[in-house]
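1. Predicted model and sequence follow; I will ask about them next.
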Amino acid sequence: MDGILYTFLGPRVPLEVRKLIALYPNWKEEHIDAVLTLVLKYLHGGPNQPGFTQDDFEIFASTLGLDEDSVAAVFTGLYYILRSAVRSKLKEELIEKDLSQELKLTPFLVGRILTVLRKSQTRLEGQLLESNTIRGGTSLEAFKWRVDVGVSSNSQSRILQPTILMEMYTKDGEMHRFEVDVEKFQELRYQVARLHRTHCLCVWMPPRQSILIVLMLFATHTKEVTPSPRMTWYNREKTIDVIRGEQRGDLHFLSIINEREHFAS
Amino acid sequence: MSVDPKLLFAFINGVYKGHYEKDAEITLDFLKEQIFSDDDSVTIEVLEDLRDRVLRVLKEAAKHDWDLPNLETYIQEEGLLGKQETDAVIKLWKLRKNDIHEVVYKDSRYNNSFEKISWRIDSKVKTRHSTQDYNELFSIVELLSKDTQGKDKVMRFEMNREELSGIVSQIEQIEAHLNSFTGQ
């Protein structure tokens, strides 16, 4: 088990899973079920949900009549297996083969793990993707607007000029309200239309070209790249003059930067 | 006040810049020093009186959105300005009417005002948390607005293609309303 063993867990079996394999054969099936249920709850709700403090864990271990360290080890091992299985997106048969033939888990545990995956895989995949999406900012919750026409004020007896009052609510709970005059609205409209057109254009990016650009970007150590003739297909939008690659955390990004104006990520 | 018409217009233009363009450096002392430093008969008190009369005329003109004949009639009826001063104010009004109108209009707005939009499209290519490659595009949008004190406020958010399409359709609706108002 110490050598290289290619499974959905990676080239080596993680220490956490090895601990699980050493401990769980002495456990009752209902105890394994209880821990598996707890792992699934953890995967769905994350570490900040109620029931996952140190005290909660002690109480849980004592109700099973087991020592806390063993419960923690089995919990962690099962967590690793479930999370890796969800990430791998492998077919059930391949996961079953790895669990039973490579890791040599008992048919009971293999059956339980596969049942959990069958029921929760889609939801867990969505949650993992959402929780690990590094975003440049929050996303938009709501967009409200109103067109006003000013009639008169103390300094102007006759205004009769329309303005747009916009309210934007972001998912982090912030609200931004601002007024847009007609001239600025036209600028906003133009930029949003251009963004939309560029966004739609990029959706049809051929995969081979994407890979080429990724390679070029990584080769330049994430510095700005002057578009070369090989990238002209990508430059149909005249305003796109810089394509930049960057790495934020574990994510690799391709960026199309509007008129060399960009903001710190 | 009888002075060189060019100097008089320079003073009235300075009054405009100080009041409407809110250029804090253009004070009466500054104008006196720059324009009338050689003329001892033009005191600060004289300039203050002229400034007040000019601003009174300009405020009335801006309030009623007058054209030149209306402005001239008002000055004559009220007897606020001499011939030279009237000519200088009319010249200024001819040049700056739209700017003054814009400033007055902006001064009567009490909400933050939109200044600028910047955007970027990112493509997420790979993540540690999935062995699968995927090519998800999202737009990062930054909106800059100014509050009534002139302080910048930045709002940044992300949109996927569907969210962006939603915003585009909202903007088309706004444009339709604006067009119906302006009769286009």
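-> Sure thing, it's come through. Here the structure is a predicted model, which is why all the values come from computation and not from measurement.
2. could you pull out the strands for the stretch 51-200 of chain A?
-> Taking DSSP state E, counting those that start in this stretch as the test, the strands found in the stretch 51-200 of chain A are A:138-150, A:161-170, A:175-181.
3. Can I get these in CSV including mean neighbour count and mean pLDDT?
-> Every C-beta, even on glycine, is put in place using the N, C-alpha and C of the backbone. Below are the strands of the stretch 51-200 of chain A laid out as CSV (neighbours: other CB atoms under 10 Å in any protein chain shown; pLDDT from 0 to 100):
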stretch, mean neighbour count, mean pLDDT
strand A:138-150, 14, 88
strand A:161-170, 18, 90
strand A:175-181, 18, 91
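4. And A:Arg118, how close does it get to A:Ala85?
-> Between A:Arg118 and A:Ala85 the distance is 11 Å, computed by CB to CB, to the nearest Å.
5. Compare the two and say which is more crowded by neighbours.
-> A:Ala85 (24 against 10; other CB atoms under 10 Å in any protein chain shown).
6. picking up where we left off before, nearest to B:Leu164, of the strands of the stretch 51-200 of chain A?
-> Closest approach to B:Leu164 among those (CB to CB): strand A:138-150, 9.5 Å.
7. Which neighbouring elements make contact with that closest one?
-> Contact analysis of strand A:138-150 by 3 or more CB pairs under 8 Å, 6 or more residues apart in numbering or on different chains; DSSP states H and E lists strand A:161-170, strand B:152-159, helix B:161-182 as its packing neighbours.
8. Serialize those to JSON lines and add fields for distance to A:Val71.
-> JSON lines is the format used below for those (distance: least, CB to CB, whole Å):
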{"stretch": "strand A:161-170", "distance to A:Val71": "41"}
{"stretch": "strand B:152-159", "distance to A:Val71": "40"}
{"stretch": "helix B:161-182", "distance to A:Val71": "43"}
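9. So for B:Ala61, which of those sits nearest?
-> Smallest distance to B:Ala61 across these (CB to CB): 17.6 Å, for strand A:161-170.
10. which residues sit in contact with residue 84?
-> By default, I'm working from chain A. Taking CB atoms under 8 Å, 6 or more residues apart in numbering or on different chains as the definition of contact, the neighbours of A:Ser84 are A:8-10.
11. other chain: chain B
-> For B:Gln84, the contacting residues are B:1-3, B:5, B:8, by CB under 8 Å, 6+ apart.
12. where does it land in three-state SS?
-> With DSSP: H, G, I helix; E, B strand; the rest coil as the basis, the three-state label of B:Gln84 is helix.
13. Can you check which of the helices and strands packed on strand A:138-150 gets nearest to B:Glu60?
-> Nearest to B:Glu60, of all those, is strand A:161-170, at 19.6 Å by CB to CB.
14. where does the chain have low pLDDT?
-> Answering for chain A, as no chain was given. Scanning chain A for pLDDT under 70 picks out the ranges A:1-4, A:47-48, A:128-137, A:202-265.
15. that's the wrong chain, I wanted chain B
-> Low-confidence regions of chain B, defined by pLDDT under 70, span residues B:1, B:124-135, B:183-184.
16. Quick one: the strands in it, in order.
-> With DSSP state E as the definition, chain B shows strands at residue ranges B:113-126, B:136-146, B:152-159.
17. who does the first one touch, helix- and strand-wise?
-> The reference is to strand B:113-126. Short answer (3+ CB pairs under 8 Å, 6+ apart): strand B:113-126 packs on strand A:175-181, helix A:182-203, helix A:207-219, strand A:251-258, strand B:136-146.
18. Specify the residue ranges that define each domain of chain B.
-> Split into domains by automatic domain parsing, chain B comes to B:5-107, B:116-182.
19. ok, back up a step: dump the strands of chain B into JSON lines; add mean neighbour count as well.
-> Supplementary listing: the strands of chain B in JSON lines, determined by neighbours: other CB atoms under 10 Å in any protein chain shown:
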{"stretch": "strand B:113-126", "mean neighbour count": "20"}
{"stretch": "strand B:136-146", "mean neighbour count": "20"}
{"stretch": "strand B:152-159", "mean neighbour count": "17"}
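20. quick one, which of the ones you listed is nearest to A:Val35?
-> Across the strands of chain B, closest to A:Val35 is strand B:113-126 (CB to CB), at 32.5 Å.
21. Between strand A:161-170 and that closest one, find me the angle.
-> With axes from the mean of the first three to the mean of the last three CA atoms, to 10 degrees defining the directions, strand B:113-126 sits at 40 degrees from strand A:161-170.
22. From the chain's centroid, how far away is strand B:113-126?
-> Strand B:113-126 has its C-alpha centroid displaced from the chain centroid by 27 Å (CA atoms, centre = their mean, to the nearest Å).
23. can you give me the helices in the stretch 1-150 of chain A?
-> If you assign secondary structure with DSSP state H, counting those that start in this stretch, the helices in the stretch 1-150 of chain A sit at A:15-23, A:29-45, A:54-64, A:68-88, A:92-97, A:107-131.
24. Now rank the contacts of A:Ser84 by neighbours and give me the top one.
-> Counting by other CB under 10 Å, top hit in those: A:Leu9 with 22 neighbours.
25. That residue contacts A:Arg83, correct?
-> No. Contact between A:Leu9 and A:Arg83 fails when scored by CB atoms under 8 Å: they sit 9.8 Å apart.
26. sorry, back to before: let's have the contacts of B:Gln84 in CSV, adding neighbour count and distance to B:Val15.
-> Output for the contacts of B:Gln84, formatted as CSV (neighbours: other CB atoms under 10 Å in any protein chain shown; distance: CB to CB, whole Å):
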residue, neighbour count, distance to B:Val15
B:Met1, 16, 13
B:Ser2, 9, 18
B:Val3, 17, 14
B:Pro5, 13, 15
B:Leu8, 23, 11
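27. Check those and tell me the two furthest apart.
-> Comparing every pair within these by CB to CB identifies B:Met1 and B:Pro5 as the most remote, at 11.2 Å.
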